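Peer 1: Could you work out the structure for the sequence below:
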Amino acid sequence: MRYAFPKLLKSQIAYDIARTILDGFDKHYRLFRAATHDAKRYFEQGDWKTAQTAARERISYYDRRVAECVQTLEDEYDQAEISDEVWREVKLHYIGLLIDHKQPELAETFFNSVCCNILHRTYFHNDFIFVRPAVSTEYIEPEEAKPTYRVYYPATDGLRFTLKRIVTNFQLSTPFADLDRDVGLVEDRMRAMFGNDLLEPNHQIQVLANLFYRNKGAYIVGKGINGNRIYPFVVPILYNRKGQLVLDTVLFDPTLITVLFSFTRAYFLVDMEVPSGYVHFLRTLMPYKPRSEIYTILGLQKQGKGAFYRDFLHHLHHSSDCFESAPGIRGLVMVVFALPSFPYVFKVIKDHFPPPKETTRALVKEKYLLVKNHDRVGRMADTLEYSNVAFPRLRFSEELLAELKSVAPSIVEEEDDQIIIRHVYIERRMTPLNIWISEAEKRGDHAAIEHAIIEYGNAIKDMVGVNIFPGDMLYKNFGVTKHGRVVFYDYDEIEYITDCNFRAIPAPRNEEDEMASEPWYPVAKNDVFPEQFGTFLLGNLEVRKYFLKHHADLLAPDYWQRAKQRILDGHIEDVFPYPQELRFSYKPFSPTAQAA
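Peer 2: Purely as a prediction, here's the structure:
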């Protein structure tokens, strides 16, 4: 359907601006889809290096297209030509252009980004932008022959035939080692989990039409439906050592599926003509995961940011508690505060950092950007970065406001009944690991302490595998999620493993060396001495016992040196976002292992 120029809207400039912005968005999403389409080819070729590079570059696509669009508009139009009335008409024309558009919600967000870059003014509740969605995303159908999801009927065709058809419909060019065997393993587990439900006449299986690619895996995402019962499932496809494809496992537990789509992992690459259709489907599998987080994990992080901020404003409107300092040890670099009723924390960089910190605001922002663009391997929290965020003044205690004004006066401003913070990071709230261990000690819960230390060491090793050295390894810089996973969230001292020099402490030359308060050996900037970690981490005897039992290798320089060499040799570690014991190649399956 072509958009007709409304007679009540008189400005040709307004229409032309709206058309230019939508053309800019369409170019962005065309390139975005091309990158996700290429992911299939990289997977089939086993070209992990190129796949990693493409995934990183895709993150910057949005900002590049916004900058291009802003530059075009600034070159073509004089600021004096664009009155407030013209801008209001721009928005109305844009809404008209979105009729029958397949990504209207993303196009609205793109409009907001361009508009806010051009206006250069306070726009917190501006009539010119989409504060609320104007175009519905319900029931948008793809134009292409390929639908958002395919439907299969196992009662008619047989479960094994149906499962094999699901896999072969993705038309991967790389051969499977033994697809019949793998499909049989999936079938056995499905029957163990769901019984005869799968074979009832009204049962159907719905599978999203495109694979989800990330790291060295591809994922089939689907659900079984029988009446009002929904059975989510995900089947990872990996390579074996011979370069052949295998179905690695099948996930049923909603918790495991939620962890797979976690905010601690890199964004998926999946080709979506109608992204809202994918988000709606995924929400039926994970009903408690916010839409904002699903958009983000699909690589649409700007849409996720916009949806999150709307959720935040809605929560503020329907709550009355006050912002307060987040629990835990106060940091030297950040002020961290939270709203008790809201499951996120707000992090503001201080203007100055006391010793021993030697960094700058720009360097801290650079570290956070590094993590945004990196594979977070399930062990580093994603952050939402915002500028010029307005908070209600009445929701701040005098103590918290005084602290913010004292340590970050350059970015905190009080304006009428609002507190405006010019730059802030927002992260999922977790229990700081040091507090989690302390509370477990008070309960006498030794199993919980051991679990925490196992997870802590595993988190470090997972990060090492993707070339990340946390820098500050103190427990206060790690958090425990609601699923009991330990995640790193303090990035100001993060470094690449390959930029570090892991050394053994030289033996003292004499008694004076041994008794000296300062090192008797030269120490360069990026020198790291793993033997010293125990001094800061293992003061608690019970923690020490479990750490030495499970992760003593982290105290040895050669562990770090070997890991660094593997990275330099070009080795890319396998990442399994689910327990190893669930893999078909690991050991026999127990249905209780994935009880929902």
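Peer 1: Quick one: low-confidence residue ranges for this protein.
Peer 2: Counting by pLDDT under 70, the chain has low-confidence residues at 1-9, 120-126, 144-145, 198, 513, 586-596.
Peer 1: Tell me the helix or strand right after the lengthiest helix in it.
Peer 2: Longest helix in the chain by number of residues (criterion: DSSP state H): helix 12-45. For helix 12-45, the following helix or strand on the C-terminal side (DSSP states H and E) is helix 48-59.
Peer 1: Return the alpha-carbon coordinates of that following helix using PDB.
Peer 2: Extracted in PDB, the C-alpha atoms of helix 48-59 (Å, rounded to 0.1, in the frame of the first residue of the first chain):
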ATOM      1  CA  TRP A  48      34.500 -18.800  13.600                       C
ATOM      2  CA  LYS A  49      36.900 -15.800  13.300                       C
ATOM      3  CA  THR A  50      34.900 -14.100  10.600                       C
ATOM      4  CA  ALA A  51      31.700 -14.900  12.500                       C
ATOM      5  CA  GLN A  52      33.100 -13.200  15.600                       C
ATOM      6  CA  THR A  53      34.200 -10.200  13.700                       C
ATOM      7  CA  ALA A  54      30.800  -9.900  11.900                       C
ATOM      8  CA  ALA A  55      28.900 -10.200  15.300                       C
ATOM      9  CA  ARG A  56      31.000  -7.400  16.800                       C
ATOM     10  CA  GLU A  57      30.600  -5.100  13.700                       C
ATOM     11  CA  ARG A  58      26.900  -5.600  13.600                       C
ATOM     12  CA  ILE A  59      26.600  -4.000  17.100                       C
END
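Peer 1: where does Glu439 fall, phi/psi-wise?
Peer 2: phi -70, psi -40 (degrees, to the nearest 10).
Peer 1: State the helix or strand in which the spatially most central residue of the chain lies.
Peer 2: The chain has Phe263 as the residue nearest its centroid, 3.6 Å off, counting by CA atoms, centre = their mean. For Phe263, there is no helix or strand it lies in under DSSP H and E.
Peer 1: Identify the residues contacting it.
Peer 2: Counting by CB atoms under 8 Å, 6 or more residues apart in numbering, Phe263 touches Glu293, Thr296, Ile297, Ala381, Asp382, Arg428. For glycine as for every other residue, the C-beta is placed from the backbone atoms N, C-alpha and C.
Peer 1: and the gap between Pro290 and Lys347?
Peer 2: For Pro290, the distance to Lys347 equals 19 Å [CB to CB, to the nearest Å].
Peer 1: actually Glu455, not the one I typed
Peer 2: 23 Å.
Peer 1: So which of those two has more stuff around it?
Peer 2: Lys347 (24 against 21; other CB atoms under 10 Å).
Peer 1: pretty sure the more buried one contacts Ala338?
Peer 2: No - using CB atoms under 8 Å as the test, Lys347 is too far from Ala338 to be in contact (9.9 Å).
Peer 1: For the stretch 351-500 of the chain, just list every one of the strands.
Peer 2: Listed in chain order, the strands found in the stretch 351-500 of the chain under DSSP state E, counting those that start in this stretch are 384-392, 412-415, 418-428, 431-432, 468-469, 478-480, 486-488, 495-496.
Peer 1: how far is the fifth one from where the chain is centred?
Peer 2: Taking CA atoms, centre = their mean, to the nearest Å, one finds the center of strand 468-469 at 18 Å from the center of the full chain.
Peer 1: What helix or strand is Pro508 located in?
Peer 2: Per DSSP H and E, there is no helix or strand for Pro508.
Peer 1: Which residue, neighbours along the chain excluded, lies closest to it?
Peer 2: Among residues not flanking Pro508 along the chain, Glu514 sits closest, at 4.1 Å (CB to CB, 6 or more residues apart in numbering).
Peer 1: swap in Ala563?
Peer 2: Val464 (4.9 Å).
Peer 1: To which secondary structure element is Met190 assigned?
Peer 2: helix 179-194.
Peer 1: Next, the buried residues of that helix.
Peer 2: Neighbour counts using 16 or more other CB atoms under 10 Å place Leu179, Asp182, Val183, Leu185, Val186, Glu187, Arg189, Met190, Met193, Phe194 of helix 179-194 among the buried residues.
Peer 1: Nearest to Arg33 among those?
Peer 2: Nearest to Arg33 among the buried residues of helix 179-194: Leu179, at 28.4 Å, using CB to CB.
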